[in-house]
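Undergrad: fold the following, please.
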Amino acid sequence: MEIRVNDKDIEKALRLFKRQIQRDGILGELKKRRFYEKPSVKLKSKKREAQKRRAKTARRRVQTRQD
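TA: Next up is the predicted model:
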């Protein structure tokens, strides 16, 4: 990853850097790895996240059918 600073505009470069990190998912990964998570807890959280994704797509399907 490379962010170039033009005309000493560090604030803009910092915003671009933060946006790129968020888009890549690095911050989320850092937060997950901050503490050790037992394999059983990790599996439960993965299942919970998958359930949330399925519910979200189902809501979107219902909403597009109604429109």
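Undergrad: and the most centrally placed residue in the chain, how far is that from Arg60?
TA: Centroid-nearest residue in the chain: Gly25, 4.7 Å away (criterion: CA atoms, centre = their mean). The gap separating Gly25 from Arg60 is 22 Å, by CB to CB, to the nearest Å. Every residue, glycine included, has its C-beta placed from N, CA and C.
Undergrad: likewise for Ile21?
TA: From Ile21 to Arg60 the distance is 27 Å (CB to CB).
Undergrad: with neighbour numbers in mind, choose between those two.
TA: When neighbours are counted by other CB atoms under 10 Å, Ile21 and Arg60 differ, and Ile21 comes out ahead with 15 against 10.
Undergrad: residues contacting the more buried one?
TA: The contact partners of Ile21, by CB atoms under 8 Å, 6 or more residues apart in numbering, come to Met1, Leu27.
Undergrad: which of the three states applies to it?
TA: With DSSP: H, G, I helix; E, B strand; the rest coil as the basis, Ile21 sits in helix.
Undergrad: assign Arg4 to helix, strand or coil.
TA: With three-state DSSP as the basis, Arg4 sits in coil.
Undergrad: could you count how many residues lie near the residue lying closest to it once chain neighbours are set aside?
TA: The shortest distance from Arg4 to any non-neighbouring residue, by CB to CB, 6 or more residues apart in numbering, is to Ala13 (7.2 Å). Ala13 has 14 neighbours, counted by other CB under 10 Å.
Undergrad: from Leu27, how far off is Ala13?
TA: Ala13 is 17 Å from Leu27, where distance means CB to CB.
Undergrad: which parts of this protein are strands?
TA: Using DSSP state E, the chain contains no strands.
Undergrad: for it, what spans make up the helices?
TA: Secondary structure of the chain (DSSP state H): helices at 10-24, 26-33, 39-66.
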